[in-house]
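Q: please find the sequence and the predicted model below.
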Amino acid sequence: MSSRSPNISNPLVLTLKLDSIAFEILNPLRQQHFPPKRNFLPAHVTLFHALPGDREPAIRETLQTLCDRTSVLPIRFPKVRSLGGGVAIEIESPGLIQLQHHLAQG
C-alpha cells in the first residue's frame, strides 16, 4: 500500500501498454521522428491525458477490474500523421475505441 496521498494538482496520464513487438517497432520510429526537445518518453498510446489526480485510487480500481476481464486487443498502426511539431502514428482498433468510450462514460 502506498503512503503517498492523492494529489489534486497533478493530473494523471493513462497510456495503453504496448506488446514488445509493437514497442520494438514504434520506439525507434519515435526516436527518429519526434522532436528531440520534446522526446522524453518512449513510444506510447495515450488514452487520456488529464485524469484528476485526486481520483487515483478509484481510477486504479476501475482499471484493474477492466484489465482482469479484457483480453488482448488487436491494433493496427496504418500510417504516420504530422502533428505540426511532431508526428503520430494512427491507430485502428474498434475494440480499443469501445474501451476508451466505456472508460470516458464511467
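A: Right, received. Where do you want to start? On a predicted model such as this, the values are computed, not experimentally measured, just so you know.

Q: beyond the lowest-mean-pLDDT helix or strand in the chain, next helix or strand please.
A: Ranking every helix and strand in the chain by mean pLDDT, DSSP states H and E puts strand 87-89 at the bottom, with a mean of 84. Counting by DSSP states H and E, the next helix or strand C-terminal to strand 87-89 is helix 94-105.

Q: can you give me the buried ones in that next one?
A: Neighbour counts over helix 94-105 (16 or more other Cβ atoms under 10 Å) mark 96, 99, 103 as buried. The way it works is simple: take the backbone N, C-alpha and C, and place the C-beta from them, glycine included.

Q: each with direction, which strands does the longest strand anywhere in the chain pair with?
A: Using DSSP state E to define each element, the chain has its longest strand at strand 45-51. The pairing partners recorded for strand 45-51 under DSSP bridges are strand 12-16 (antiparallel).

Q: and for the helix or strand just after the strand it pairs with, what are the contacting residues?
A: Next helix or strand after strand 12-16 toward the C-terminus (DSSP H and E): helix 20-33. Identification of contacts with helix 20-33 by Cβ atoms under 8 Å, 6 or more residues apart in numbering yields 18, 39, 42, 43, 75, 77, 80, 86, 87, 89.

Q: give me the nearest residue to the third one, chain neighbours excluded.
A: Among residues not flanking residue 42 along the chain, residue 27 sits closest, at 5.2 Å (Cβ to Cβ, 6 or more residues apart in numbering).

Q: so where's this structure uncertain?
A: The model of the chain has pLDDT under 70 over residues 1-9.

Q: re earlier: number of residues surrounding the residue nearest to residue 42?
A: Neighbour count of residue 27, defined by other Cβ atoms under 10 Å: 15.

Q: cool, residue 55 as well?
A: 13.

Q: what's the separation between it and residue 62?
A: The gap separating residue 55 from residue 62 is 9 Å, by Cβ to Cβ, to the nearest Å.

Q: what of residue 21?
A: As judged by Cβ to Cβ, residue 21 and residue 62 stand 28 Å apart.

Q: which one of those two has more residues nearby?
A: Neighbour count, other Cβ under 10 Å: between residue 21 and residue 62, residue 62 has more, with 14 against 8.

Q: against which helices or strands is the helix or strand where the more buried one lies packed?
A: Residue 62 belongs to helix 56-68 when assigned by DSSP H and E. Judged by 3 or more Cβ pairs under 8 Å, 6 or more residues apart in numbering; DSSP states H and E, the packing partners of helix 56-68 are strand 12-16, helix 94-105.

Q: thank you kindly, that will do.
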